[in-house]
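K.L.:
predicted model and sequence below, questions to follow.
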Amino acid sequence: IQTDTDQAKRWLIVGAFQAGASERTVARISGLSSTAVRKIYLNYRQTGIPALPKQLSRRVKQKLVVEYDEDGNLLDDSSDEEE
């Protein structure tokens, strides 16, 4: 849940960057870290939304990727097939 003050702070970051302020200055003005400021602005440039980019949870990152061939057979890359 985003509050109005969080949203206002993110737009302040975008405006400050567009006015030519440095990353360090914007971080000091907003009270956020330089890393957070950079990520918010880069996400704004990519998506048009001044927010921290959504990150995948650890559980999703660790999920196995399972691949099947056109016949529906499980592909196993761990074993080398000899031809």
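P.N.:
Received, thanks. Computed from a predicted structure; not experimentally measured. Numbering: from 1, shown residues only.

K.L.:
can you give me the helices for the protein?
P.N.:
4-18, 23-30, 34-47, 58-61 (DSSP state H).

K.L.:
will you turn those helices into TSV that also has mean neighbour count, distance to residue 75 and mean pLDDT?
P.N.:
Backbone N, C-alpha and C define where each C-beta goes, glycine included. TSV is the format used below for these (neighbours: other CB atoms under 10 Å; distance: least, CB to CB, whole Å; pLDDT from 0 to 100):
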stretch	mean neighbour count	distance to residue 75	mean pLDDT
helix 4-18	15	43	90
helix 23-30	15	45	93
helix 34-47	16	33	90
helix 58-61	8	21	61
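
K.L.:
save these as CSV, and put in distance to residue 71 too.
P.N.:
Below are those laid out as CSV (distance: least, CB to CB, whole Å):
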stretch, distance to residue 71
helix 4-18, 50
helix 23-30, 53
helix 34-47, 39
helix 58-61, 28
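
K.L.:
give the contact list for residue 25.
P.N.:
Contact analysis of residue 25 by CB atoms under 8 Å, 6 or more residues apart in numbering lists residue 16.

K.L.:
what do you get for residue 10?
P.N.:
By CB under 8 Å, 6+ apart, the neighbours of residue 10 are 40, 44, 50, 51.

K.L.:
and what of residue 34?
P.N.:
Here residue 34 is in contact with 23, 24, 27 (criterion: CB under 8 Å, 6+ apart).

K.L.:
great, nothing more from me.
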